[in-house]
Structure formats: structure tokens, C-alpha cells
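Visitor: Predicted model and sequence follow; I will ask about them next.
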Amino acid sequence: MTSDTPWLSAREEHMWRGWLRLNAELNATLQRELLDDGLSMPDYDVLVSLTDSPDGRVRVTDLARELYWERSRVSHHVTRMQKRGLVERVECSEDGRGAFVAVTAAGRAAIERAAPGHVRAVRRLVFDALTGEEVARLDATIDALLARIDGVGAEPARGDR
């Protein structure tokens with residue numbers, strides 16, 4: 001270890017390790033609860049993106065960008081979801097090279113079953129433990145950290161996505 005490295009203070013290290021643990025445990029808990037409805041967290045993320053779209057479909061490249069996934073990961077995951085009847089691929093008539101991923105009736109039914117429990121879990125695990133002021137501060141902190149990671153102006157603000 002070199003002396004020119006600005007090591008974390010005890011408080012910073014405690015916060016950082018707590019952040020990592022919170023991220024891991026929150027994701028694991030939400031994942032377990034979604035499995036009760038037959039979905040994985042990535043399934044849920046894809047279905048949210050599709051059902052948020054007015055026509056229930058999104059281009060593969062746009063889905064990858066929205067989920068912060070590599071295009072190949074989207075393609076592989078969509079293939080698995082397609083085999084389960086949750087989504088389908090639809091050729092893009094305007095662009096022979098592009099394709100859409102579209103939610104099926106089964107996919108829509110799956111997210112409609114899973115969403116209420118997921119939202120209850122998020123509320124129970126996160127929002128019920130925080131005051132409105134704490135939510136506002138955490139939201140501002142997350143925005144500041146994302147701006148640092150993304151580069152100022154590289155991505156729209158989270159509320160604009």
C-alpha cells in the first residue's frame with residue numbers, strides 16, 4: 001500500500017461497507033420476494049420497461065440502454081423470457097436490422113401479479129424507515145453520485161427517464 005493513496009477514514013469505510021451490504025441484501029430480499037411470483041429481478045426490470053412503454057414494446061438497443069445492460073445480455077435474457085411466454089420479438093418494419101421486444105399477455109399478467117408485492121416490499125424495506133426529509137436528501141445524494149459516474153449532462157436526470 002502506498003502512502004499517496006487517500007485511504008478511507010473509519011467513518012467512510014463503515015459507510016461504504018454498509019452501502020455494499022445494503023445493496024446486496026436489498027437486492028437479495030427483493031429477488032426472493034419476486035421469485036414467489038415466478039419472476040427474477042431482471043425479468044421484472046424488463047417487464048417494467050415494456051409496460052411503461054405506451055405500446056408495450058421497446059427496441060432492443062433502447063432496452064439495453066435503459067437497463068444499463070450490454071446488448072448481448074438483453075438478447076440472452078429476452079430469449080429466456082420468450083421461452084417462458086413473457087415477451088416476444090417483433091421485427092421493426094421501418095428498419096430491417098432492428099427488432100422490438102414486446103410484452104405478451106402472459107408477461108403483462110405476470111407483472112400485474114408481482115408489482116403490488118414488489119412495491120409493498122420496497123415501501124416496507126426502504127420508505128417506511130425514512131422520513132420525507134431523509135428521502136429527499138437520499139434522492140439528492142443519489143442524483144449527485146449518478147452525475148459523477150455518468151458525467152455531467154451524459155444522462156438525463158433519473159426523474160426524466
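Guide: Thanks, I have it. Numbers count the residues shown, from 1 in each chain.

Visitor: Quick check: closest non-adjacent residue to the residue nearest the centre of the chain.
Guide: Centre of the chain computed as the mean C-alpha position; nearest residue by Cα atoms, centre = their mean is Asp45, 5.2 Å away. The shortest distance from Asp45 to any residue other than its chain neighbours is 5.7 Å, reached at Leu67 (Cβ to Cβ, 6 or more residues apart in numbering). C-beta: built from backbone N, CA, C; applies to glycine.

Visitor: Mind telling me what element the residue nearest to the centre of the chain is part of?
Guide: Assigned by DSSP states H and E, Asp45 belongs to helix 41-52.

Visitor: Tell me the buried residues in that helix?
Guide: 41-50 (16 or more other Cβ atoms under 10 Å).

Visitor: show me what contacts Val60?
Guide: 71, 74-75, 78, 98-101 (Cβ atoms under 8 Å, 6 or more residues apart in numbering).

Visitor: again, only using 7 Å
Guide: 71, 74-75, 99, 101 (Cβ atoms under 7 Å, 6 or more residues apart in numbering).

Visitor: Among the residues you listed, which ones are in strands?
Guide: Using DSSP state E, the members of the contacts of Val60 that fall within strands are 99, 101.

Visitor: From the contacts of Val60, which shows the smallest pLDDT?
Guide: Ranked by pLDDT, the contacts of Val60 bottom out at Ala99 (86).

Visitor: what's across from that residue in the sheet?
Guide: Note on Ala99: beta-bridge partners by DSSP bridges are Glu91.

Visitor: before we move on, what about Arg59?
Guide: Phe100.

Visitor: what number of residues lie near it?
Guide: Counted with other Cβ atoms under 10 Å, the neighbours of Arg59 add up to 16.

Visitor: Contacts only, for it.
Guide: Applying Cβ under 7 Å, 6+ apart, the residues contacting Arg59 are 92, 98, 100.

Visitor: Skipping adjacent residues, who's closest to the first one in space?
Guide: What it means is Cys92. Gly98 (4.0 Å).

Visitor: on that earlier part again, among the contacts of Arg59, which one lies nearest to Arg32?
Guide: Phe100 (31.2 Å; Cβ to Cβ).
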